[in-house]
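Asks: here's a sequence, model it:
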Amino acid sequence: MAELKQFFPSVQPWASGCPDPVVLNAIRESVRLICDEVPVWRVDNTLALIGGITDYEIEVPAGSELVTVESLRQRDSKDLMNLWHLKGNNLVIPVDYTGSKVVLTELVLIVRPSMTATEIPDECLTAISHVAPYGARWQLLDIPGQKWSDPLNAEKNRQLFYQKLSALRGEVMHKGNRHRLQRAADPLA
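Replies: Alright, predicted model coming up:
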């Protein structure tokens with residue numbers, strides 16, 4: 001796991017005099033926004049569906065919150081289960097997926113840091129390291145009435161944040177599609 005404080009050198013010089021907890025919160029909010037928009041923090045999970053039960057609470061790693069379920073499939077099956085929805089942190093499925101038996105399923109969850117998180121996975125940090133500082137700078141520079149406030153630079157960082165976020169989204173989607181195409185072409189997959 002990587003600490004969010006690793007972004008401090010890319011953010012603090014822009015908001016000189018800003019207290020560390022405020023900087024950390026801006027970094028966290030930037031990372032949360034990225035994770036809401038781009039599936040950079042994925043978690044594999046297994047869930048036993050039991051006949052007659054349709055509502056299941058999904059567990060996520062400590063320090064994270066569920067954004068969505070990217071995929072749900074029965075173990076030993078290539079086919080995705082499509083008839084489900086989320087209600088908060090609960091997965092709701094129709095009874096006919098299980099009948100009266102127990103069915104093991106594999107889920108891929110998309111998560112984001114919780115409001116109190118101080119760490120994210122190393123691979124997530126690597127994926128977002130060129131985007132998150134712009135979001136944190138934008139938020140800090142946009143706080144009115146502070147000695148570090150700078151609306152013009154806040155707007156520039158906001159624009160750069162969204163440009164880099166869009167590029168990251170395209171990059172992640174391209175990698176995901178390439179991976180799906182490779183799996184589809186593999187007769188043993």
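Asks: could I get the average pLDDT for stretch 75-85?
Replies: In this model, stretch 75-85 has a mean pLDDT of 81.
Asks: same question, stretch 39-54
Replies: Per-residue confidence for stretch 39-54 averages out to 89 on the pLDDT scale.
Asks: run the chain-centre distance for that stretch.
Replies: For stretch 39-54, the distance from its own C-alpha centre to the chain's C-alpha centre is 17 Å (Cα atoms, centre = their mean, to the nearest Å).
Asks: which parts of the chain are strands?
Replies: 2-3, 42-50, 55-57, 64-74, 85-87, 90-92, 102-113, 119-120 (DSSP state E).
Asks: so which of those strands is the most surrounded?
Replies: strand 119-120 (a mean of 22; mean count of other Cβ atoms under 10 Å). To be clear about C-beta, it is placed using only N, CA and C from the backbone, and glycine gets the same treatment.
Asks: so which of the strands of the chain is nearest residue 28?
Replies: Taking Cβ to Cβ as the criterion, strand 102-113 is the member of the strands of the chain that comes nearest to residue 28, at 5.8 Å.
Asks: just checking, residue 153 touches residue 140?
Replies: No: in this structure residue 153 lies outside contact range of residue 140 using Cβ atoms under 8 Å: 9.9 Å.
Asks: got the domain ranges for the chain?
Replies: The chain breaks down into these domains under automatic domain parsing: 2-38+121-185, 42-113.
Asks: most tightly surrounded among those domains?
Replies: With neighbours defined by mean count of other Cβ under 10 Å, none of those is more surrounded on average than domain 2-38+121-185, at a mean of 16.
Asks: on that earlier part again, mean pLDDT for the domains of the chain: which is lowest?
Replies: For the domains of the chain, where the average pLDDT is lowest is domain 42-113, sitting at a mean of 86.
Asks: excluding chain neighbours, what is closest to the residue nearest to the spatial centre of the chain?
Replies: Nearest residue to the geometric centre of the chain (Cα atoms, centre = their mean): residue 35, 3.0 Å. With sequence-adjacent residues excluded and distances taken as Cβ to Cβ, 6 or more residues apart in numbering, residue 35 is closest to residue 112, at 3.4 Å.
Asks: touching, the one you found and residue 31? I think so.
Replies: Yes: in terms of Cβ under 8 Å, residue 112 counts as a neighbour of residue 31; the distance is 7.3 Å.
Asks: so how far is the longest helix along the chain from its chain's centroid?
Replies: In the chain, assigned by DSSP state H, the helix with the most residues is helix 151-185. Relative to the mean C-alpha coordinate of its chain, helix 151-185 is positioned 13 Å out (Cα atoms, centre = their mean).
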